[in-house]
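Asks: this one's sequence-less:
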Ligand SMILES: Nc1ncnc2c1ncn2[C@@H]1O[C@H](COP(=O)(O)OS(=O)(=O)O)[C@@H](OP(=O)(O)O)[C@H]1O
């Protein structure tokens, strides 16, 4: 037999083997890739479930109702944290969520203030899925100082429970201003906006001042709602003793006391309390508790003097005092 006849055959064989080997390598790489993507997806879903941010906090631990179809539905709120912006409304919302009979909306609708035209269907879609008997709470911190919000809220539900978090009004205003500067929403300096340049008086309509006029703003709500339907939260105490303030809100909402003192964990690095869910300790994002922009101390003093009598009016109005000296 002629040996040379085998040469192309062997060469073909080797090519075939190389191709098969190459094909196997590609298949293996594809498999590794798919496994990698699957693992990442599983990790993402698990983390999202644990942090209860997706989907609609369907995985609320430790209750057994992590299945969507357990007769839960979106319900309009029975209680609203109506403000005050930058006084601790975000912290309170998260803390209330620790209660098994409370579920809070993760997005801030500001429906009765700025989004009323969107209609109730839109509003309802922002509400979380809740079990029967669970109280839906949403926070809309622009409602408090909005002209039409009280009347609209009353029309929606005249027995709704309203929660207002307050804090020393000048610090609140500076916190508001700091946030506006960081979000590029303030072109003018605080010092230039806080006074009416014609009269030299404090500019009560300045967006960073208006929410701090607690007495005037609350007066508008009191035209519709009795004080018994409005609960005032001490924002300073919420920072230093969150358990105490949450306890009072539980009472106001007619809930049993289920949030435990041990669920609040002080984080020395942040300088704030974080909170323990059944699976982990969560803290508020870094946009809370930022360093404030420095304001001229003389101007600050003048503002504090301006607010002193207004604070007194507010204390009389609510029948409660805070140490804002
Ligand atoms: N536990 C905890 N963690 C972080 N931050 C806390 C907490 N408790 C209260 N605060 C105070 O909340 C202030 C922000 O208020 P709001 O959540 O109402 O702000 S916002 O209107 O929703 O933007 C924020 O104000 P600034 O310190 O001025 O940023 C905080 O002081």
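Replies: On my side now, so go ahead. Source: prediction; values computed, not measured.
Asks: interface residues of the stretch 51-200 of the chain facing the ligand?
Replies: Counting by CB under 6 Å from any ligand atom, the stretch 51-200 of the chain comes close to the ligand at 85, 86, 87, 88, 89, 90, 91, 141, 175. Using the backbone N, CA and C atoms, a C-beta is placed for each residue, glycine as well.
Asks: In strands, which of these fall?
Replies: Among those, no member falls in strands (criterion: DSSP state E).
Asks: JSON lines for those, including neighbour count?
Replies: Output for these, formatted as JSON lines (neighbours: other CB atoms under 10 Å):
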{"residue": "85", "neighbour count": "25"}
{"residue": "86", "neighbour count": "24"}
{"residue": "87", "neighbour count": "31"}
{"residue": "88", "neighbour count": "27"}
{"residue": "89", "neighbour count": "25"}
{"residue": "90", "neighbour count": "19"}
{"residue": "91", "neighbour count": "25"}
{"residue": "141", "neighbour count": "23"}
{"residue": "175", "neighbour count": "20"}
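Asks: Rebuild these as JSON lines, extending it with pLDDT.
Replies: Supplementary listing: those in JSON lines, determined by pLDDT from 0 to 100:
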{"residue": "85", "pLDDT": "98"}
{"residue": "86", "pLDDT": "98"}
{"residue": "87", "pLDDT": "98"}
{"residue": "88", "pLDDT": "98"}
{"residue": "89", "pLDDT": "98"}
{"residue": "90", "pLDDT": "98"}
{"residue": "91", "pLDDT": "98"}
{"residue": "141", "pLDDT": "98"}
{"residue": "175", "pLDDT": "98"}
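Asks: So which of those belong to helices?
Replies: 89, 90, 91, 175 (DSSP state H).
Asks: May I ask which two of the residues you listed are separated the most?
Replies: Greatest spacing in those, by CB to CB: 91 and 175 (12.9 Å).
Asks: would you turn the residues of the stretch 51-200 of the chain next to the ligand into a markdown table with distance to residue 235?
Replies: Output for those, formatted as a markdown table (distance: CB to CB, whole Å):
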| residue | distance to residue 235 |
| --- | --- |
| 85 | 11 |
| 86 | 9 |
| 87 | 4 |
| 88 | 4 |
| 89 | 9 |
| 90 | 11 |
| 91 | 9 |
| 141 | 12 |
| 175 | 10 |
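Asks: from those residues, which single one is nearest residue 232?
Replies: Nearest member of these to residue 232, counting by CB to CB, is residue 87, at 10.4 Å.
Asks: if I read this right, the closest one contacts residue 169, doesn't it?
Replies: No - contact criterion CB atoms under 8 Å: residue 87 and residue 169 do not qualify, at 9.2 Å.
Asks: Can you tell me who residue 264 pairs with across the strands?
Replies: residue 275 (DSSP bridges).
Asks: My read is that it contacts residue 239, right?
Replies: No - at 11.0 Å, residue 264 and residue 239 do not qualify as touching, with contact defined as CB under 8 Å.
Asks: Touching both of these two, which residues are there?
Replies: The contact sets of residue 264 and residue 239 overlap at residue 273 (CB atoms under 8 Å, 6 or more residues apart in numbering).
Asks: Same drill for those two, tell me which one is more crowded.
Replies: Shown here are residue 264 and residue 239; by other CB atoms under 10 Å, residue 264 has more neighbours (20 against 17).
Asks: Quickly note the distance from the more buried one to the ligand.
Replies: 8 Å (CB to the nearest ligand atom, to the nearest Å).
Asks: got it, and residue 213?
Replies: 16 Å.
Asks: and if you look at residue 215?
Replies: Applying CB to the nearest ligand atom to residue 215 and the ligand gives a distance of 19 Å.
Asks: and that residue, what does it touch?
Replies: Taking CB under 8 Å, 6+ apart, one finds 310, 311, 313, 314, 317 in contact with residue 215.
Asks: do that again at 10 Å, thanks
Replies: 169, 307, 309, 310, 311, 312, 313, 314, 315, 316, 317, 318 (CB atoms under 10 Å, 6 or more residues apart in numbering).
Asks: Tell me the one among those residues nearest to the ligand.
Replies: The shortest gap between the ligand and any of the contacts of residue 215 belongs to residue 169, at 12.4 Å (CB to the nearest ligand atom).
Asks: Next, residue 103: secondary structure please.
Replies: strand (DSSP: H, G, I helix; E, B strand; the rest coil).
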